[in-house]
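[1] Have a look at this fold, sequence not included:
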């Protein structure tokens with residue numbers, strides 16, 4: 001899964017929540033891009049955060065990862 005949390009000069013944290021496993025991964029999206037592997041077959045809720053900023057959309061939910069997603073994009 002690839003996406004972007006812009007602008008590229010800040011380093012937002014992108015949280016990948018996997019409800020079925022009660023697990024999550026947090027990645028720092030420096031340069032504005034993120035990439036997360038190992039989520040196939042699961043529902044995933046992607047939520048970026050950076051203190052003092054808001055994101056649009058607030059989160060993206062993918063009901064089942066069944067392909068390579070390259071369009072999980074956020075704007076600050």
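    Cool, got the structure. Since the structure is predicted, the reported quantities are computational estimates derived from the model, not experimental observations.
[2] The residue nearest to residue 21 when sequence neighbours are not counted: how many residues sit nearby?
    Among residues not flanking residue 21 along the chain, residue 42 sits closest, at 7.0 Å (CB to CB, 6 or more residues apart in numbering). Where you see a C-beta, it was placed from the backbone N, CA and C, and this is true even at glycine. By other CB atoms under 10 Å, the residues close to residue 42 number 18.
[3] While we're on residue 42, how confident is the model there?
    Residue 42 carries a pLDDT value of 83.
[4] can you pull the contacts of it?
    By CB atoms under 8 Å, 6 or more residues apart in numbering, the residues touching residue 42 are 18, 20-21, 64-65.
[5] Now do the same for residue 10: helix, strand or coil?
    The three-state assignment at residue 10 reads coil, by DSSP: H, G, I helix; E, B strand; the rest coil.
[6] Surely it is in contact with residue 52?
    No. Residue 10 lies out of contact with residue 52 (CB atoms under 8 Å); the separation is 9.9 Å.
[7] out of the two, which sits in the more crowded spot?
    Using other CB under 10 Å as the criterion, residue 10 and residue 52 rank with residue 10 on top: 15 against 6.
[8] ok so, going back, in CSV, list the contacts of residue 42 along with secondary structure, distance to residue 29 and pLDDT.
    CSV is the format used below for these (DSSP: H, G, I helix; E, B strand; the rest coil; distance: CB to CB, whole Å; pLDDT from 0 to 100):
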residue, secondary structure, distance to residue 29, pLDDT
18, strand, 18, 81
20, helix, 24, 80
21, helix, 22, 80
64, coil, 23, 87
65, coil, 19, 82
